[in-house]
Structure formats: structure tokens, C-alpha cells
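Q: Quick one: sequence plus predicted model below, questions after.
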Amino acid sequence: MGRKGFYIDMTACVGCRTCQIACKDKNNLKVGTIFRQVRTYETGVFPTPGVYHYSGTCNHCSNPKCVAVCPTGAMHIDTDLTVQHDMTKCIGCRYCTWACPYGVPKFMEELGKVHKCDACKDLRDKGENPACVDACYMRALEWGDFDELKAKHGSNVTRDLPILPNSSITNPSTFIKPRITALQKDFQKKEV
């Protein structure tokens, strides 16, 4: 079984947050907790301003910092090479929340434990897509075999954006087709 991952087409994303809502609904998350988050950024200055959206969640990295620091093995790489979390082993120490450079694992106050995106493992085990992928009406998200996604979208993708940590830190399983404004380092960027 090969490495799995996400493809994000920022040129198609309109920032509707349907993927974020689908994830929140599927995981029955309380107010304030989000596993997939769409962030909107403004770049540049008049007369050449730009706006882009980034839909981020767990990147299911091949060198996950969250797994490296977990003292109980709750955070682990599963047989499908995705980063999974075993709630029965979690002691709520939050080391993973501090170690992940993407800020993905979330401490669930009501449970006293951490949880995160599992790429809808229960749906994938039935041959379905993650909820966020199927919810995206612009088809800006894809899930699949990492090598196949790379072959399909390879010439138009990156794994690095100025708003993200360098991919060499964790080797994320995410490919991104960026908007040009998302790559411009010389423009001021701010989240809106």
C-alpha cells in the first residue's frame, strides 16, 4: 500500500469553507475546534492587491513531528502511511500540539485528550473519499495515492508556500497548485 495524500487546487478554491463545515460535521466537533481550516489572505498593495484561500488540515507527513514526540504511541503512522491518533492511548500531554509545525493536533478540553484529522479513515476503509473532498463543489481537493497525485499534477504543484513551514521539516503528503499571489514573497501578506 502506497503513501496517501491531498491535492489542493488554490486556483479553484473560492474560500466557501464547505470542506471545513463538512469536516466539522463529520467529526461532530464543538464550537472552536476545527480539523480542516480555510484561511483567506490578502497580498500586495493597491493597485495590484490579491486574495487567495488555503484549505489546510493534517498533511499526513512522512516525517511527522507529532509522532516523534508522542510518549505513548497514540500518534502513529498507520499501515496506510497516514498519521493516525489512538484516543485510547492518548494521555492529553499535548506534546504533539506543540511539535506539529502546522498546528494540526487539537486539544479537546471536554475529553482531556488530543485529536486530529484522520483523513476520514472510516470512510476510506469503505472505498469513499474524505468528507472534505466530496463536499468541495469546486473540486479543489483530491485524495489519493501520493505518487499518482504527483504524476497527475506534478508540473503545476508545490509543497511550499510562504505561509507554510518549509516542507523539508516534515515531508508533507500534500501537493498544492498555488495562486500566483500565494507565491509572491515580496508582498505583504495578512490573514483576513
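A: Looks like it arrived, so ask away.

Q: Next, residue 40: secondary structure please.
A: strand (DSSP: H, G, I helix; E, B strand; the rest coil).

Q: Quick check: it vs residue 26, distance?
A: Distance, residue 40 to residue 26, using C-beta to C-beta, to the nearest Å: 22 Å. Every C-beta, even on glycine, is put in place using the N, C-alpha and C of the backbone.

Q: So for those two, which sits in the more crowded spot?
A: Using other C-beta atoms under 10 Å, the more surrounded residue of residue 40 and residue 26 is residue 26, with 18 against 14.

Q: Let me see the contact set for that one.
A: Residues in contact with residue 26 (C-beta atoms under 8 Å, 6 or more residues apart in numbering) are 120, 131.

Q: Same question for residue 143.
A: Residue 143 neighbours (C-beta under 8 Å, 6+ apart): 4-7, 119, 124, 129-130, 133.

Q: Repeat that for residue 114.
A: Per C-beta under 8 Å, 6+ apart, neighbours of residue 114: 74-75, 85, 90, 92, 94, 96-97, 105-108.

Q: List buried residues within those residues.
A: 74-75, 85, 90, 96-97, 105-108 (16 or more other C-beta atoms under 10 Å).

Q: pLDDT wise, what is the residue nearest in space to the middle of the chain at?
A: In the chain, the residue lying closest to the centroid (C-alpha atoms, centre = their mean) is residue 57, at 2.1 Å. We have a pLDDT of 98 for residue 57.

Q: Ignoring the adjacent residues along the chain, who's closest to it?
A: residue 36 (3.9 Å; C-beta to C-beta, 6 or more residues apart in numbering).

Q: Could you tell me how many residues sit around that neighbour?
A: Neighbours of residue 36 (other C-beta under 10 Å): 25.

Q: show me the contacts for it.
A: Contact partners of residue 36, counting by C-beta under 8 Å, 6+ apart, are 19-20, 23-24, 55-57, 117, 132.

Q: will you turn the residues you listed into TSV that also has secondary structure and distance to residue 164?
A: Below are the contacts of residue 36 laid out as TSV (DSSP: H, G, I helix; E, B strand; the rest coil; distance: C-beta to C-beta, whole Å):
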residue	secondary structure	distance to residue 164
19	helix	17
20	helix	17
23	helix	19
24	helix	22
55	strand	12
56	strand	8
57	coil	13
117	coil	16
132	helix	18
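
Q: could you pull out the helices for the protein?
A: Assigned by DSSP state H, the chain shows helices spanning 18-26, 65-69, 95-99, 121-124, 131-135, 146-153, 180-183.
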